[in-house]
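Participant: Sequence first, then the predicted structure, then my questions.
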Amino acid sequence: MKNTALTSMNVHIANNRQEMGQQAAADIAKVIRTMQQSKAHLRMIFAAAPSQSEMLSALRLETGIDWQRITAFHMDEYIGLAPDAPQRFGNWLRNEFFDCVPLSSYHLINPGADPEATCRDYANKLAEAPIDFVLLGIGANAHIAFNDPPADLDDPLAVKVVELDEICRQQQVDDECFLTLNDVPRKAITLTVPSILRGEQLFCSIPGKNKAAAVRDMMESPVSGQVPASALKNHPRCTVYLDLDSSSLLVR
């Protein structure tokens, strides 16, 4: 594990994704424990993706965290999948984390028959109090949540319905979440870029060779909607966790 100052972000590069996940979880847990000394209740947003598995597995084993004083949200959800579909991000997060620790509560995005109404309702829940922590990753096309390029970095909405681009949809097949591209939904609900950046502290875990180009673009490109993850460079407290594969195209 080593730290680097490729951008204003605090960047950690681990030898492998297991080490990356453990370091991210340890750092997140430390900040939660510290924050709970002075704040009665915390609110966290979680990404749902295989890239987050190692971090979440390690985080749920961390001690000294009062999960009963934490409310959880998630970033995005497919439109059109059955409520019990394992590919639904809410179901994935319940299995990986939400049902594994005694959270005060968690709010799932359920698109239902009126996704636009769901967006408004979820935005209202998010706005009830500040978001303390956001645990996220980035996509192979450098999306954050389901904000595919070109993303609106100044979106006036907090939560919205989006059309997924083909690179994003193919990533879901490559991650073995769906068998074929035709199985991947074309629409989803997502938190917008400004909504994510409102979190007080961001922890971004990005393992894998398939993310190397996106990581390079995030770090080295100007902040632009063409590289949505580049917006993370505008956040004053964003920590990024990479492994040797995902960091392989960076100039160091």
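Facilitator: Received it, and whenever you're ready, just let me know what you need. Numbering: from 1, shown residues only.

Participant: contacting residues around the strand or helix carrying T71?
Facilitator: Using DSSP states H and E, T71 sits within strand 70-74. Under the criterion CB atoms under 8 Å, 6 or more residues apart in numbering, residues 32, 41-48, 89-90, 93, 97-98, 103-109, 122, 125-126, 131 lie in contact with strand 70-74. In this view, the C-beta of every residue, glycine as well, is placed from N, C-alpha and C.

Participant: which element follows it toward the C-terminus?
Facilitator: Tracing the chain past strand 70-74, the next element assigned as helix or strand by DSSP H and E is strand 76-78.

Participant: neighbouring strands for that next one, and are they parallel or not?
Facilitator: Partners of strand 76-78 in the sheet, by DSSP bridges, are strand 187-191 (antiparallel).

Participant: mind listing what's buried in the partner strand?
Facilitator: For strand 187-191, a neighbour-count test (16 or more other CB atoms under 10 Å) marks 188-191 as buried.

Participant: now do stretch 200-216
Facilitator: Buried residues in stretch 200-216, counted by 16+ other CB under 10 Å: 200-208, 211-212, 214-216.

Participant: what's the answer for stretch 227-247, then?
Facilitator: 227-233, 235, 238-247.

Participant: Repeat that for stretch 134-151.
Facilitator: By neighbour count on 16+ other CB under 10 Å, the buried set for stretch 134-151 is 134-149, 151.

Participant: Inside strands: which ones of the residues you listed?
Facilitator: Secondary structure from DSSP state E places 134-136 of the buried residues of stretch 134-151 in strands.

Participant: Quick check: which ranges of the stretch 151-252 of the chain have low pLDDT?
Facilitator: 252 (pLDDT under 70).
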